[in-house]
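>>> coords please:
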Amino acid sequence: MLTGIALLAAVTAGIPAHGADPCSAFEQDAATLAPPRVMTSRDLATISDIGRSSPFDTESPFSLSPDGRQIALMVRRGNPETNSFCQRLILVPRSGSGSHVELDRGGQFIRTLFDLRNLAAVRAGTAQIITPRWSPDGATIAYLKRVTDNTQVWIVPSTGGVARAATDLDFEVEDFAWGADGKNLIVAGRPDLAKAEAMIDEEASRGYLFDARFSPMMSDRPFPVGSYPTRYFHVALSDHDRRDASVEEIALLDPSASADRPPDAIRFAADGRGNVAWTRKLDRSLLISPFQLHIRWRSGSTTICDTSTCGGIQRLWWMPKSDVLLFLARDGWGGSRTTLYRWNVGAKAPVAVMSTKDALIGCALNAAELICMREGSRRTRRLVAIDIHTMRSRTIFDPNPQMARLRLGEVHRLRFRNAFGMECFADLVLPPSAETDEKLPMVVVQYNSRGFLRGGTGDEVPIQVLAGRGFAVLSFERPFGVPGTREARSELEYRQLARKDWIDRRSVQSALEEAVRGAIATGLIDPDRIGISGFSEGTTMTQWALINSRIFKVASLGVCCEDKVALPLNGGTGYENYLKEMGYPLFEDSNDRFWNPLSLAQNAGKIEVPILVQTSDDEYEAGLDVMEAFRRRGNPIEMYVFKDEPHIKWQPAHRLAIYERNVDWFEFWLMRRMDCSPGKRAQYARWQTMRGAPDLSAQCAIAASGGP
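Reported below is the predicted structural model:
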């Protein structure tokens with residue numbers, strides 16, 4: 001029995017300590033009526049997400065009730081003012097009619113854990129998928145929730161009531177499932193990893209040995225290294241008693257534990273009636289290989305599909321009570337489309353029944369409907385149902401109704417081949433009102449262009465906000481798998497082949513130049529006012545472009561830089577070895593000829609392009625050699641460092657600040673405009689002292705009350 005104090009704590013768990021509920025600012029947002037307007041940085045920074053914000057397929061971030069009438073999901077919305085997230089567990093009717101119901105709110109943002117080279121359990125800036133799961137009787141919903149830096153399973157009655165922690169384990173729960181009787185949970189986690197972290201904490205009193213556990217630019221504390229396998233436990237809800245899970249219980253969480261699943265299967269589906277389908281690599285010896293589809297029909301016959309149709313399969317399902325296989329595949333020009341195929345028993349090949357440029361995420365088959373998260377280049381993510389027979393799509397739940405009042409720029413898909421014959425594409429986004437004879441300045445955003453065109457990889461350059469301010473934006477999709485790398489048999493061999501003669505860099509630069517040429521060919525773009533941005537791999541792409549072309553007049557980076565001294569020095573011995581394996585000569589005695597096409601530090605005397613860097617406190621040290629080389633020569637460069645951020649930045653206040661500064665930066669250099677808000681005076685005073693800066697001392701193009 002919960003006491004009154006405990007009950008209050010359960011209801012308010014995870015709301016920031018200062019008492020501000022990050023959801024309260026949005027309570028009336030959907031009901032607000034306003035005339036249509038262009039998107040602002042705050043609009044973009046406060047978009048609601050279900051699952052990860054990136055447009056790539058993941059496990060389903062939603063689940064259907066046992067009776068199929070309701071769907072449970074977690075909606076997350078950043079609040080820059082409180083620098084926290086409004087996180088709400090809600091139920092929506094599958095019919096799409098009626099209102100949604102909130103069952104719980106609060107909790108800390110749960111960041112994904114991943115292994116990075118020799119380092120175990122690095123915490124990313126991307127969201128962990130939180131999939132609410134229904135008990136077998138539909139009476140209770142379980143979900144992951146993080147409170148006081150500890151992720152556990154929580155439960156709440158599906159009809160409403162008090163949410164409470166269902167587990168209290170000495171390690172973080174990373175996944176879970178309901179037991180068959182609904183009275184227990186099967187949980188997955190890494191208790192040995194928790195022990196290793198505790199040992200590192202204890203070691204602090206004696207001082208840490210600087211060794212391969214360190215990555216200085218990521219942490220001043222060593223990481224656990226090595227392998228920490230996931231373990232599975234049975235946890236009773238009644239008394240939290242735990243034991244090791246049985247083989248059958250593990251299979252509830254680990255698909256590879258299924259007895260029917262072939263050991264080399266990548267995707268797998270069985271209908272329980274004897275039909276089994278799976279994908280495997282066409283050539284298992286290659287690192288990157290198209291898929292091959294195998295079907296074992298319940299009649300005993302088998303079918304193999306190794307054509308391009310079956311080469312990019314993402315998901316498989318069997319239609320209920322029928323010998324019909326459905327699958328989603330990525331295909332089309334440069335893999336830019338998502339296509340649904342149907343394969344009937346006895347047919348020689350599958351038939352495409354629907355194809356779209358939209359991203360379909362976490363799809364689940366329910367009777368005759370495919371339920372998915374769907375987003376398009378101009379439309380944010382929503383929950384939809386696609387009728388398998390008619391292919392008509394209906395919206396079940398839109399977490400961003402406020403977007404309907406925003407005027408967004410038109411998007412035009414550009415298709416082309418690079419110098420290596422690879423199919424490539426990019427999206428040209430034009431201002432919502434582009435009725436002018438004056439050619440437009442353009443900003444290139446990298447390096448994925450799928451789903452809703454938000455802010456590029458890392459989500460830092462606000463595409464539609466820039467379009468609303470009069471820019472054209474080229475959202476560029478980076479090509480992968482350049483000829484010469486496709487025979488790689490390991491990840492190391494692939495990296496070595498991609499680096500040989502800089503073939504991958506030359507392939508990407510060729511595609512980028514073709515994309516820019518295609519945009520200029522529309523007659524709408526001013527070739528003398530083109531800027532470029534990049535984050536992560538996009539930073540390296542930008543470095544190469546600035547050194548090896550004269551297309552771009554201004555640049556913005558979300559991290560800096562891939563160079564020969566600061567990056568390997570601050571990456572730690574593991575990262576240093578990673579670079580050496582590819583043949584990179586490092587540090588002061590390195591081969592200048594090798595680095596000449598890539599090193600900003602080495603080419604500082606040749607580059608006049610102003611560069612803005614907005615990076616994390618985890619990684620700013622990696623660009624200090626470039627910063628020093630540019631400052632010494634008086635090159636225009638400026639760096640901002642964001643506190644408590646990993647590689648991909650996650651804090652809502654930082655996201656908004658990055659958006660706004662990027663807009664200001666490109667407007668200043670490409671439009672000769674500045675925002676005269678009092679709080680930005682120091683920013684523009686610095687920029688106006690930079691070499692080549694426009695003279696805007698008497699110009700205020702944007703009112704002090706405005707701004708992005």
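
>>> give the contact list for Asp260.
For Asp260, the contacting residues are Phe268, Ala270, Val276, by CB atoms under 8 Å, 6 or more residues apart in numbering. Where you see a C-beta, it was placed from the backbone N, CA and C, and this is true even at glycine.

>>> any idea which helix or strand comes after the helix or strand hosting Ile304?
Ile304 is part of strand 302-305 when elements are defined by DSSP states H and E. As assigned by DSSP H and E, the chain's next helix or strand after strand 302-305 is strand 313-318.

>>> got the contact list for that next one?
Strand 313-318 is contacted by residues 57, 267-271, 275, 277-279, 291, 293, 324-330, 338, 363, 365, 370 when judged by CB under 8 Å, 6+ apart.

>>> Let me see the ranges of the strands in the stretch 451-600 of the chain.
Assigned by DSSP state E, counting those that start in this stretch, the strands in the stretch 451-600 of the chain fall at 472-476, 525-534, 554-557.

>>> ok, now the stretch 101-250 of the chain?
So, for the stretch 101-250 of the chain - with DSSP E, counting those that start in this stretch - the strands run 101-105, 111-116, 119-127, 133-134, 140-147, 150-157, 164-165, 173-178, 184-189, 231-236, 242-244.

>>> how big is the angle separating the lengthiest helix in the chain from strand 472-476?
If you go by DSSP state H, the chain has its longest helix at helix 503-520. Here helix 503-520 runs at an angle of 150 degrees relative to strand 472-476 (axes from the mean of the first three to the mean of the last three CA atoms, to 10 degrees).

>>> roughly how far out does helix 503-520 sit from the chain middle?
24 Å (CA atoms, centre = their mean, to the nearest Å).

>>> what's in contact with that helix?
With contacts defined as CB under 8 Å, 6+ apart, helix 503-520 is touched by 414, 416-420, 422, 424, 426, 428, 442, 444, 472, 474, 476, 478-479, 482, 484-485, 497-498, 525, 527, 530, 540-541, 544-545, 548-549, 551, 597-598.

>>> Now it: buried residues?
Using 16 or more other CB atoms under 10 Å as the test for burial, helix 503-520 gives 503-516, 518-520.

>>> Secondary structure element holding Ala685?
helix 681-688.

>>> Please identify the buried residues of that helix?
Buried positions in helix 681-688, judged by neighbour count with 16+ other CB under 10 Å: Gln683, Tyr684, Trp687.

>>> are any of the contacts of helix 503-520 buried, and which?
Among the contacts of helix 503-520, those that count as buried by neighbour count (16+ other CB under 10 Å) are 414, 416, 418, 420, 422, 424, 426, 428, 442, 444, 472, 474, 476, 478-479, 482, 485, 497-498, 525, 530, 540-541, 544-545, 548, 551, 597-598.

>>> Average pLDDT for the longest helix of the chain, rounded please.
Across helix 503-520, the average pLDDT comes to 97.

>>> just stretch 236-252 next, same as before
The model assigns stretch 236-252 a mean pLDDT of 92.

>>> Would you mind listing the buried residues in that stretch?
So, applying 16+ other CB under 10 Å, buried residues of stretch 236-252: Leu237, Arg242, Ala245, Glu249, Ile250, Ala251, Leu252.

>>> is it fair to say Gln87 lies in a strand?
Yes: applying DSSP: H, G, I helix; E, B strand; the rest coil, one finds Gln87 inside a strand.

>>> now it, which residues is it bridged with?
Using DSSP bridges, the bridge partners assigned to Gln87 are Arg76.

>>> Select, out of the strands of the stretch 451-600 of the chain, the one closest to Ser393.
Evaluated with CB to CB, the strands of the stretch 451-600 of the chain place strand 472-476 nearest to Ser393, the distance being 23.7 Å.

>>> hmm, who's touching the closest one?
Outside strand 472-476, the residues that touch it by CB under 8 Å, 6+ apart are 409, 426-431, 434, 440-447, 449, 453, 456, 463, 466-467, 511-512, 515-516, 519, 524-525.
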